[in-house]
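1. based on what follows, work out the 3D shape:
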Amino acid sequence: MDNKAGKYLQAAQGADKLGRVGQLARALEAIVTREATNGELRIVDPDGVGVTGPYSHADVAAALEGAQDALSIGVQALGRYEDDFRGAFIQALTKRGYKVTDLAEGDPGSLDVLICANIRIEDEGKGLGDAAHLAFARAVVLGEVKNVAQGKVIAAFDERKREGHRNLDEAERKAVRGLATIISNKAGAKIDSAMKAGTLSAGSGSGGKVSCGPGPAADAGQRKSGTASPPAAEAPARPSSPPPRAGTPAEDAHWVQPDDFFIADRPLGSGYISLSLAKMVQEPGGSTKGEAEFFSLARSANVWTRHFWRSRIADGADLRVGAVVICYEGGHRDGAYRGPQDKSSARPGAWFMGRITDTSDLYKGLVQVSGYQCAPDALRVPAE
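-> Below you'll find the predicted structure:
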């Protein structure tokens, strides 16, 4: 244990700031383990004389605290209520003992750790029953924790929170601040564990300047539209849909059933609209002003709308600029939305509809849908 502590302390002397924190944390853990062992078993020399550890717990703990204070952690957020998000996030990380910089503006290149967050707000309309007087909103935050020196992502998060309030703006703000607290706790734990494991120390990496940039959860006004261009290559071959699963109705590879509809509260204009899967309860007619009644799987409630679509899984011929597609939103991995991996996520999960704006990366298995990167296996198209 003394040898371990000495090895970590020696490594800390030549490490960068992130590596120093990790090595000192492991050295302190070795010293604490030695003291606990000594208290239970008593460490002695061959003559039976107690042996004092060569390293001071207090000195190493003080060095670790100083190294943590020297760390530079920044938070960047893009989207509505970004100031509220950063404020709540910084407050939560500060309580964990970190000193955090608010990067509303400026270059993150001087940081050790950069936390990026892209925020989107969805209006979920009025509540039902006793909550009919409340307006509900859902905040969606996607982001990453990055090692700036290496240009590497050490953690990613995809979190959603729904809140209600008499005022819609307050419901939105409440959801964003709530997510900031949730994500900051997870991000802080990831930073703690990564430093302790040594995975934040400097080494080979992509290097270069790291910044958030417009991400997949950014508001439409902050996203860059892709350059419209013809497909550069055929879409990668996707696995064929499995045979219908046991029971009725049958389901396709996205776990969508023949009598499922995607519903929205407004038509597709510019940008995108959020969708959810639903079952039709009452068909539209003259007496309903063209609206149909649906049971929404996401809300677990009945809703009326005139905006609904049947759909099928997209194939290669569907992937062209300007085509209207439906993309699964719940599978964001490696910088893109990807197909659902299980039924429990796919059916009540979030989807969105938009138009393909760029196919130049189709050979990589990616297309842009209203500025979002989507994999072909996440896409569906409206069907007659």
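2. use CA for all of it now, contacts and neighbours both
-> Fine.
3. domains in the protein, by residue range?
-> 2-69, 71-197, 224-383 (automatic domain parsing).
4. which strands and helices lie in contact with the longest helix along the chain?
-> Counting by DSSP state H, the longest helix found in the chain is helix 168-197. Secondary-structure packing of helix 168-197 (3 or more C-alpha pairs under 8 Å, 6 or more residues apart in numbering; DSSP states H and E): helix 17-41, helix 82-95, strand 135-147, strand 152-165.
5. returning to what we had before: let's have the domains of the chain in JSON lines, adding mean pLDDT and mean neighbour count.
-> Output for those, formatted as JSON lines (pLDDT from 0 to 100; neighbours: other C-alpha atoms under 10 Å):
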{"stretch": "domain 2-69", "mean pLDDT": "63", "mean neighbour count": "17"}
{"stretch": "domain 71-197", "mean pLDDT": "79", "mean neighbour count": "19"}
{"stretch": "domain 224-383", "mean pLDDT": "83", "mean neighbour count": "18"}
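6. which parts of this structure are helices?
-> Here the chain has its helices, by DSSP H, at 2-13, 17-41, 57-70, 82-95, 168-197, 343-346.
7. state the distance from the closest residue to residue 262 other than its chain neighbours to residue 167.
-> Excluding the flanking residues, the one nearest residue 262 by C-alpha to C-alpha, 6 or more residues apart in numbering is residue 277, at 4.7 Å. Distance, residue 277 to residue 167, by C-alpha to C-alpha, to the nearest Å: 27 Å.
8. ditto for residue 304
-> Distance, residue 304 to residue 167, by C-alpha to C-alpha: 22 Å.
9. ok, residue 307 to residue 291 distance?
-> For residue 307, the distance to residue 291 - C-alpha to C-alpha - is 8 Å.
10. next one: residue 96
-> With distances taken as C-alpha to C-alpha, residue 96 is found 51 Å from residue 291.
11. so residue 121 touches residue 160, yeah?
-> No: judged on C-alpha atoms under 8 Å, residue 121 makes no contact with residue 160 at a distance of 9.7 Å.
12. which neighbours do these two have in common?
-> Here residue 121 and residue 160 have 138-140 as joint contacts, going by C-alpha atoms under 8 Å, 6 or more residues apart in numbering.
13. okay, the residues you listed in a markdown table with distance to residue 358 next?
-> As requested, the shared contacts of residue 121 and residue 160 are exported to a markdown table (distance: C-alpha to C-alpha, whole Å):
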| residue | distance to residue 358 |
| --- | --- |
| 138 | 28 |
| 139 | 27 |
| 140 | 24 |
